[in-house]
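Visitor: just need the structure, nothing else, for what follows:
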Amino acid sequence: MRDPENATVEVELPDDFDDFWAAGLADCASYPLDPVLTEMPALSTDKVIVYDLRYTSYGGLRIAGWYTVPREGPAPYPALVTIPGYISEPTIPKEWSELGYAALAVAPRGKLRSNDVFNPGYPGLLTHNIVDPNTYGYRGFYLDVVRSVEVLLDRPDVDNLRIGLQGSSQGGGLGISTAALLPDVIRCVAAGAPYLCGIMTAPTLTRSYPYEEINEYLRIHPKDVDRVRESVAYYDGLNFAPKVQAPTFLYVGLEDDVCPPETGFALHRALACEKTLRTYPHCAHHAGLPDVMRIVEDFLAEHLTPGR
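Guide: Next up is the predicted model:
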């Protein structure tokens, strides 16, 4: 019988983990962000202004996003980056701006508005060049989220001391990695059903996608198992977790067959910051949605104080 709370999930930390990500950040810094915001009147409301956002990220790729701000209220605003799931497209985050946030819904490379150059597909992203950490498809994807935060840091309508991250599944996993790579910037993280944690353990606990992509890859390329393990260790949320300094709220469904709850508990153990874990029996990958969103909103408001 499975015991998710006490299960062992082990990930080896590469010796050059910090240098690897420092090199990625340095590559990003070699390109001007060059953010371009275009107001979208047809998508805006009487409460929220909507902008189409484009900026430059890792490797010089242009990345898209939606940026929304309240029409009224005390600027500068606290800011929130919302990060999409694996197959989902970012929605326009008007509901967050109605609560008083400047909100940026990022569409990392491969998403519909950011796939002109890089488009591995779904399934496809998880195993794209997976045997080489330097060319693994997720490298640019992770850094696209970091760069979206840097866009906010340049905005005069954003309070740089009040920037948070929110997402579920892939969005939860990338919230952890982004908070680890920007520890002096991120003030809080809400991460549901976190994906990309215990990346080599998860496929042994589920046959659902996306992790089934790894099982399929290794059935075809069984000799690559060690190379895959070494490569994904650079991307595993359990290796990012000890570097997160921001208060973090995790929520996990105990019957999640997409991101096994064992990996959510392992992430909670690995975090050294102020942290809260809320578990939902009889919940699968939705991890308590929609009810948990009220708790997420309260958590974010506690740390970012919209309307101040």
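Visitor: remind me which helix or strand the residue nearest to Leu112 when sequence neighbours are not counted belongs to.
Guide: Excluding its sequence neighbours, the residue lying closest to Leu112 (C-beta to C-beta, 6 or more residues apart in numbering) is Glu89, at 5.6 Å. From N, CA and C alone the C-beta is placed, and that goes for glycine too. For Glu89, there is no enclosing helix or strand under DSSP states H and E.
Visitor: which residues are in contact with Glu89?
Guide: 107, 111-112 (C-beta atoms under 8 Å, 6 or more residues apart in numbering).
Visitor: kindly provide the distance from it to Ser57.
Guide: Distance of Glu89 to Ser57, given as C-beta to C-beta, to the nearest Å: 18 Å.
Visitor: follow-up on the earlier one: show me which of the contacts of Glu89 are buried.
Guide: Listed as buried from the contacts of Glu89 are 107, 111; burial here means 16 or more other C-beta atoms under 10 Å.
Visitor: where along the stretch 101-250 of the chain do the helices fall?
Guide: 137-153, 170-181, 212-220, 225-232, 237-240 (DSSP state H, counting those that start in this stretch).
Visitor: okay, those helices in TSV with distance to Pro78 next?
Guide: Shown next, in TSV, are these (distance: least, C-beta to C-beta, whole Å):
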stretch	distance to Pro78
helix 137-153	10
helix 170-181	16
helix 212-220	36
helix 225-232	34
helix 237-240	23
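Visitor: make a markdown table out of the ones you listed and add distance to His128 and mean pLDDT.
Guide: Shown next, in a markdown table, are the helices of the stretch 101-250 of the chain (distance: least, C-beta to C-beta, whole Å; pLDDT from 0 to 100):
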| stretch | distance to His128 | mean pLDDT |
| --- | --- | --- |
| helix 137-153 | 3 | 98 |
| helix 170-181 | 14 | 98 |
| helix 212-220 | 9 | 97 |
| helix 225-232 | 11 | 98 |
| helix 237-240 | 18 | 98 |
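Visitor: nearest to Pro32, of those?
Guide: Set against Pro32 and scored by C-beta to C-beta, the helices of the stretch 101-250 of the chain come closest in helix 137-153, at 10.9 Å.
Visitor: quick check: angle from the closest one to helix 225-232?
Guide: 0 degrees (axes from the mean of the first three to the mean of the last three C-alpha atoms, to 10 degrees).
Visitor: where are the low-confidence patches of the stretch 201-308 of the chain?
Guide: Within the stretch 201-308 of the chain, the stretches with pLDDT under 70 are 308.
Visitor: now do the same contact list for Leu181.
Guide: Residues in contact with Leu181, defined by C-beta under 8 Å, 6+ apart, are 21, 25, 142, 146, 240, 243.
Visitor: sorry, wrong one. I was asking about Asp236.
Guide: Taking C-beta under 8 Å, 6+ apart, one finds 11, 196-199 in contact with Asp236.
Visitor: need the strands for the stretch 201-308 of the chain, in chain order.
Guide: Listed in chain order, the strands of the stretch 201-308 of the chain (DSSP state E, counting those that start in this stretch) span 248-253, 275-280.
Visitor: partner strands of the first one, with direction?
Guide: Here strand 248-253 has these sheet partners by DSSP bridges: strand 186-192 (parallel), strand 275-280 (parallel).
Visitor: looking at these, which is buried most?
Guide: When you average the neighbours per residue for each of the strands paired with strand 248-253 (mean count of other C-beta atoms under 10 Å), strand 186-192 leads with a mean of 27.
Visitor: other residues contacting it?
Guide: By C-beta under 8 Å, 6+ apart, strand 186-192 touches 149, 161-169, 171-173, 175-176, 178-179, 244-252, 287-289, 292, 296, 299-300, 302-304.
Visitor: buried subset of these, written for ChimeraX?
Guide: Buried members of the contacts of strand 186-192, defined by 16+ other C-beta under 10 Å, are picked up in ChimeraX with:
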select :149,162,163,164,165,166,167,168,169,171,172,173,175,176,178,179,244,245,246,247,248,249,250,251,252,287,288,289,292,296,299,300,303,304
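Visitor: spatially central residue in this protein, please.
Guide: By C-alpha atoms, centre = their mean, the chain has its centre lying nearest to Leu174, at 2.3 Å.
Visitor: from Pro133, how far off is the residue lying closest to Leu161 once chain neighbours are set aside?
Guide: Among residues not flanking Leu161 along the chain, Arg187 sits closest, at 7.1 Å (C-beta to C-beta, 6+ apart). As judged by C-beta to C-beta, Arg187 and Pro133 stand 29 Å apart.
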